[in-house]
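> Prediction below, plus the sequence it came from.
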Amino acid sequence: MASVFKDHVAEALAGLAVVVVAVLFLLFAWDRAGSGTDRYSLTARFPNAAGVNVGTDVRVSGMKVGSVTGQSLDPASFQAVLTLAVDRKVQLPADTSAAITSESLLGGSFIALIPGGDPEPLRPGDEITDTQGSTDLMGLIGSFINRSGSESPAAPAAAPSGE
């Protein structure tokens, strides 16, 4: 029996290394996703939530303070209802506004929270009422291109009279 262990030490160590790496990966993923205990939930309704999915960053002044944890469609108003998990250390004023913003022309979207000046903070479960949906960038580019050719040409110059 002892000779079997001596013959397979390399395989056992390789297996142990794989298990350790898997556990470290799971701990890293758990930390990045957030365990939920150090965050509180807010909701926000947007007329257009294009480019936002579960896991999308929530930022204040460009710093990540949370993520989108849920999305649904309100059947009455047909607005996108997003659930945001925000770090408990970040106490946002009650008049905070939210906007869906693009990182760059080619980059992804994120939720930008703009704190207001209300002394009363948002509480877990509150709704952010002042929201701005995502801008349809391709629609803007298309309308710009289409409008650039729709202007009427300049009137031709009057021909000089020979009188």
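Thanks, I have it. Numbering: from 1, shown residues only.
> From one end of stretch 122-134 to the other, what's the distance?
Between the opening and closing residues of stretch 122-134 there is a gap of 23 Å (C-alpha to C-alpha, to the nearest Å).
> tell me the mean pLDDT for it?
Confidence over stretch 122-134 (mean pLDDT, whole number) is 90.
> How about that stretch, which residues are buried there?
Buried residues in stretch 122-134, counted by 16 or more other C-beta atoms under 10 Å: 122, 126, 128, 131, 133, 134. C-betas here are computed from N, CA, C, even on glycine.
> Output those residues in TSV; the columns should cover secondary structure.
Formatted as TSV, these follow (DSSP: H, G, I helix; E, B strand; the rest coil):
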residue	secondary structure
122	coil
126	coil
128	strand
131	strand
133	coil
134	coil
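> Quick one: list the elements packing against the lengthiest strand in the chain.
The residue-count maximum for a strand in the chain (DSSP state E) belongs to strand 63-73. Under the contact criterion of 3 or more C-beta pairs under 8 Å, 6 or more residues apart in numbering; DSSP states H and E, strand 63-73 touches strand 57-60, strand 80-87.
> Domain-wise, how is this protein divided?
Here the domain parsing of the chain from automatic domain parsing is 2-32, 36-141.
> List the residue ranges of this protein that fall below the pLDDT cut-off.
Where the chain drops to pLDDT under 70, the residues are 1-6, 31-37, 148-163.
> Centre of the chain to stretch 130-143, how far?
15 Å (C-alpha atoms, centre = their mean, to the nearest Å).
> Go ahead and name everything in contact with it.
44-52, 80, 95-102, 105, 109 (C-beta atoms under 8 Å, 6 or more residues apart in numbering).
> circling back: would you mind reformatting the helices and strands packed on strand 63-73 (as JSON lines) and adding columns for distance to residue 17 and mean neighbour count while you're at it?
Output for the helices and strands packed on strand 63-73, formatted as JSON lines (distance: least, C-beta to C-beta, whole Å; neighbours: other C-beta atoms under 10 Å):
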{"stretch": "strand 57-60", "distance to residue 17": "33", "mean neighbour count": "19"}
{"stretch": "strand 80-87", "distance to residue 17": "34", "mean neighbour count": "20"}
